[in-house]
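**Student:** Let's see this in three dimensions:
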Amino acid sequence: MLVIGAIMRRQIFNILVKINKAFLPKYWKRDLTKLSPFDKAIVGYKIWVTKNSLE
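**Tutor:** All right, here's what the predicted structure looks like:
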């Protein structure tokens, strides 16, 4: 049961990663220290989703 939950969790996060790539802006050329609080929240969300999709 626990293994099935982990697999489903990974699949959900992989779907979220694909959605993020399609719809959220890319920040790889920007200086992260000069982002607005909203942009920082988006970057944090993207890092959280990516980290969880790799676990």
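
**Student:** can we go C-alpha only for contacts and neighbour counts from here?
**Tutor:** Fine.

**Student:** Could you list the low-confidence segments of the protein?
**Tutor:** Low-confidence segments of the chain (pLDDT under 70): 1-2.

**Student:** Name all residues that make contact with Thr33.
**Tutor:** Taking CA atoms under 8 Å, 6 or more residues apart in numbering, we find Thr33 in contact with no residue.

**Student:** cutoff 10 Å now
**Tutor:** Taking CA atoms under 10 Å, 6 or more residues apart in numbering as the criterion, Thr33 is in contact with Lys40.

**Student:** Also Lys34?
**Tutor:** Residues in contact with Lys34 (CA under 10 Å, 6+ apart) are Lys40.

**Student:** What of Ile42?
**Tutor:** Taking CA under 10 Å, 6+ apart as the test, what Ile42 contacts is 20, 24-27, 36, 48.

**Student:** Please report how far it lies from Pro25.
**Tutor:** 9 Å (CA to CA, to the nearest Å).

**Student:** If you count neighbours, what's buried in the longest helix along the chain?
**Tutor:** In the chain, with assignment by DSSP state H, the single longest helix is helix 2-23. By 16 or more other CA atoms under 10 Å, the buried positions in helix 2-23 come out as 10, 13-14, 16-17, 20.

**Student:** and the contacts of Ile42 as JSON lines, adding secondary structure?
**Tutor:** Supplementary listing: the contacts of Ile42 in JSON lines, determined by DSSP: H, G, I helix; E, B strand; the rest coil:
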{"residue": "Asn20", "secondary structure": "helix"}
{"residue": "Leu24", "secondary structure": "coil"}
{"residue": "Pro25", "secondary structure": "coil"}
{"residue": "Lys26", "secondary structure": "coil"}
{"residue": "Tyr27", "secondary structure": "coil"}
{"residue": "Ser36", "secondary structure": "coil"}
{"residue": "Trp48", "secondary structure": "helix"}
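
**Student:** Fine, thanks again, bye for now.
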